[in-house]
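Student: Sequence isn't available, so here's the structure alone:
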């Protein structure tokens with residue numbers, strides 16, 4: 001296989017597996033799906049070994065698709081997309097393994113939809129044509145909607161509908177914004193199509209007022225997906241009511257689509273719009289940090305607490321991106337990877353607790369550390385990563401993000417830093433209520449980690465520690481691309497100043 005087509009393989013192979021599993025239901029769909037995702041992981045590791053961070057787009061393919069309107073199947077990988085591709089190919093096999101004790105109705109469809117989700121996610125992260133990006137963006141909504149609707153809490157179908165309407169409305173706003181940029185440019189470039197470089201040029205020719213108008217169309221779509229305050233209201237209920245594997249897909253990978261969209265498509269295309277409204281988006285992100293952290297403090301359900309915790313962490317990532325600095329965007333890249341690992345680990349720990357105790361309510365828990373020391377150790381490491389303890393992956397990204405915000409404006413950095421303090425409070429309280437104390441009778445029967453659970457959790461624990469101790473290899477993947485992006489943003493910003 002030509003290396004140029006490896007990206008195409010990463011996109012199309014899971015789609016082929018989806019069609020295979022749905023068209024010809026397999027007697028062991030879980031293991032067939034796992035085998036497919038392991039192949040994807042192996043290919044992504046091969047690409048990482050052969051990836052040159054200093055080079056531009058690699059493993060690229062550009063195939064004419066709809067020539068009359070300039071749409072191409074234009075995909076590839078650079079330093080901004082690759083960490084998210086690696087995150088996707090690393091976590092989805094673990095998500096499938098995490099369901100080893102589950103007996104889903106229509107399992108071929110369930111695991112097929114997980115594979116279709118993987119195809120769409122990689123498509124989003126590797127598209128260099130904005131219409132192709134939008135197609136994969138919309139495609140990702142279909143499998144996660146069906147997973148939440150069919151295998152989620154049957155009594156909470158309205159929660160899934162709310163999630164679908166929110167995200168679909170945001171997507172339509174983004175489409176309107178894309179078409180507005182294409183149709184409104186007076187630079188005569190529109191016939192060249194929708195490629196990344198062409199779209200950057202189209203944006204330059206829009207007047208500042210128009211850029212500000214389009215900024216909100218695009219930002220709302222991305223803010224809903226992350227989600228950022230006040231566009232977050234679909235998230236806590238959806239995370240709580242969705243099946244655990246659906247929650248993992250949403251929180252660990254899918255929300256990164258919104259942050260990636262801001263970095264890849266919003267900031268470079270609309271520099272004047274960002275110059276006018278970026279500070280507002282940054283402040284909304286910081287408000288979300290404090291708001292979600294305060295609500296997390298009063299939660300009585302462990303899963304809901306982690307859902308609000310995720311809003312706070314994503315708010316910090318979003319704020320760092322809007323500083324438009326190297327350390328801010330680099331911190332966002334590292335923290336997206338770290339957050340994906342940590343939130344996956346937390347939701348899997350909660351799933352184990354629910355499976356073995358029948359509840360995630362604090363009033364029903366306590367004393368688990370007395371009967372499950374290995375489980376407790378994994379819980380502690382992942383929790384410490386969540387509160388950004390030094391030598392964990394969470395510290396690396398949050399240090400860079402808060403540093404970027406302090407340099408941007410001291411008081412904003414100080415408020416954003418509350419995420420560490422408040423996060424430590426609610427996570428330690430959660431540990432105390434769920435793990436410490438005397439074990440109730442039903443907790444005394446709580447068994448320690450099985451071999452299957454170790455296979456899922458231990459890689460996450462190890463990666464959290466390795467990235468915390470030695471983040472260099474991961475940072476090296478994105479640093480040249482981030483630096484080049486920020487330099488180009490500086491040139492664009494200086495050119496629009498009066």
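Tutor: Structure's in. What do you need? Here the structure is a predicted model, which is why all the values come from computation and not from measurement.

Student: average pLDDT for stretch 3-21?
Tutor: Throughout stretch 3-21, pLDDT has a mean value of 89.

Student: any low-confidence regions in the stretch 1-150 of the chain?
Tutor: 1-2, 25-26, 68 (pLDDT under 70).

Student: Need the nearest residue in space to residue 151, chain neighbours excluded.
Tutor: With CB to CB, 6 or more residues apart in numbering as the criterion, residue 151 has its nearest non-adjacent residue at 4.4 Å, and that residue is residue 243. Yep, even glycine has a C-beta here, placed from its N, CA and C like the rest.

Student: Hmm, residue 149 and that neighbour touching each other?
Tutor: No. Residue 243 lies out of contact with residue 149 (CB atoms under 8 Å); the separation is 10.3 Å.

Student: in stretch 227-236, what's buried?
Tutor: 227, 228, 229, 231, 232, 234, 235, 236 (16 or more other CB atoms under 10 Å).

Student: Out of these, name the two that are farthest from one another.
Tutor: Pairwise distances among these were taken by CB to CB; the largest, 13.9 Å, belongs to 228 and 236.

Student: Take the buried residues of stretch 227-236 and lay them out in CSV including secondary structure, pLDDT and distance to residue 80.
Tutor: Shown next, in CSV, are these (DSSP: H, G, I helix; E, B strand; the rest coil; pLDDT from 0 to 100; distance: CB to CB, whole Å):
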residue, secondary structure, pLDDT, distance to residue 80
227, coil, 82, 21
228, coil, 86, 20
229, coil, 83, 25
231, coil, 79, 23
232, coil, 76, 24
234, coil, 75, 27
235, helix, 75, 25
236, helix, 76, 29
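
Student: returning to that earlier point: contacting residues for the residue nearest to residue 151?
Tutor: Applying CB atoms under 8 Å, 6 or more residues apart in numbering to residue 243 gives the contacts 147, 148, 151, 152.

Student: if you set the cut-off to 7 Å instead, what comes out?
Tutor: Applying CB atoms under 7 Å, 6 or more residues apart in numbering, we find residue 243 in contact with 147, 151, 152.

Student: With residue 13 instead?
Tutor: Contacts of residue 13 (CB under 7 Å, 6+ apart): 36, 39, 40.

Student: quick one: which of those residues sit in helices?
Tutor: Cross-referencing those against helices under DSSP state H gives 36, 39, 40.

Student: Just give me the neighbour total for the spatially closest residue to residue 486 that is not a sequence neighbour.
Tutor: Excluding its sequence neighbours, the residue lying closest to residue 486 (CB to CB, 6+ apart) is residue 326, at 4.9 Å. Using other CB atoms under 10 Å, residue 326 has 17 other residues around it.

Student: Helix or strand next in line after the longest helix belonging to the chain, which one?
Tutor: Counting by DSSP H, the longest helix found in the chain is helix 326-357. Next along the chain after helix 326-357, taking DSSP states H and E as the criterion, comes helix 373-386.

Student: Buried ones in that following helix, by neighbour count?
Tutor: Using 16+ other CB under 10 Å as the test for burial, helix 373-386 gives 375, 376, 378, 379, 381, 382, 383, 384, 385, 386.

Student: you'd agree the fifth one is up against residue 463?
Tutor: No. Between residue 381 and residue 463 no contact is recorded; they are 10.5 Å apart, counting by CB atoms under 7 Å.

Student: what residue lies at the spatial centre of this structure?
Tutor: residue 256 (2.5 Å; CA atoms, centre = their mean).

Student: check contacts around it.
Tutor: Applying CB under 7 Å, 6+ apart, the residues near residue 256 are 84, 336, 340.

Student: how close does it sit to residue 247?
Tutor: Distance check for residue 256 against residue 247: by CB to CB, to the nearest Å, it reads 15 Å.

Student: repeat for residue 184
Tutor: For residue 184 relative to residue 247 (CB to CB), the value is 39 Å.

Student: neighbour count winner among these two?
Tutor: residue 247 (28 against 16).

Student: Assess the claim that that one and residue 347 are in contact.
Tutor: Yes. Look at residue 247 against residue 347 with CB under 7 Å: they come within range, at 5.3 Å.

Student: and residue 101, how many neighbours?
Tutor: 12.

Student: and it, helix, strand or coil?
Tutor: Of the three states, residue 101 takes coil under DSSP: H, G, I helix; E, B strand; the rest coil.

Student: any idea how far residue 349 is from the residue lying closest to it once chain neighbours are set aside?
Tutor: The shortest distance from residue 101 to any non-neighbouring residue, by CB to CB, 6+ apart, is to residue 355 (6.4 Å). For residue 355, the distance to residue 349 equals 11 Å [CB to CB].

Student: What helices and strands are in contact with the host helix or strand of residue 320?
Tutor: If you go by DSSP H and E, residue 320 is part of helix 302-321. Applying 3 or more CB pairs under 7 Å, 6 or more residues apart in numbering; DSSP states H and E, one finds that helix 302-321 makes contact with helix 235-241, helix 256-261, helix 271-297, helix 326-357, helix 393-408, helix 418-435.

Student: switch the cut-off to 8 Å
Tutor: If you count contacts as 3 or more CB pairs under 8 Å, 6 or more residues apart in numbering; DSSP states H and E, helix 302-321 packs onto helix 235-241, helix 256-261, helix 271-297, helix 326-357, helix 393-408, helix 410-416, helix 418-435.

Student: Among the ones you listed, which comes closest to residue 200?
Tutor: helix 271-297 (9.5 Å).

Student: Taking helix 326-357 as reference, get the angle to that closest one.
Tutor: Angle of helix 271-297 versus helix 326-357, following axes from the mean of the first three to the mean of the last three CA atoms, to 10 degrees, is 30 degrees.

Student: How far away from the center of its chain is helix 271-297?
Tutor: A distance of 18 Å separates the C-alpha centroid of helix 271-297 from that of its chain, computed with CA atoms, centre = their mean, to the nearest Å.

Student: What is it packed up against?
Tutor: Checking 3+ CB pairs under 8 Å, 6+ apart, helix 271-297 ends up next to helix 208-225, helix 302-321, helix 410-416, helix 418-435, helix 472-496.
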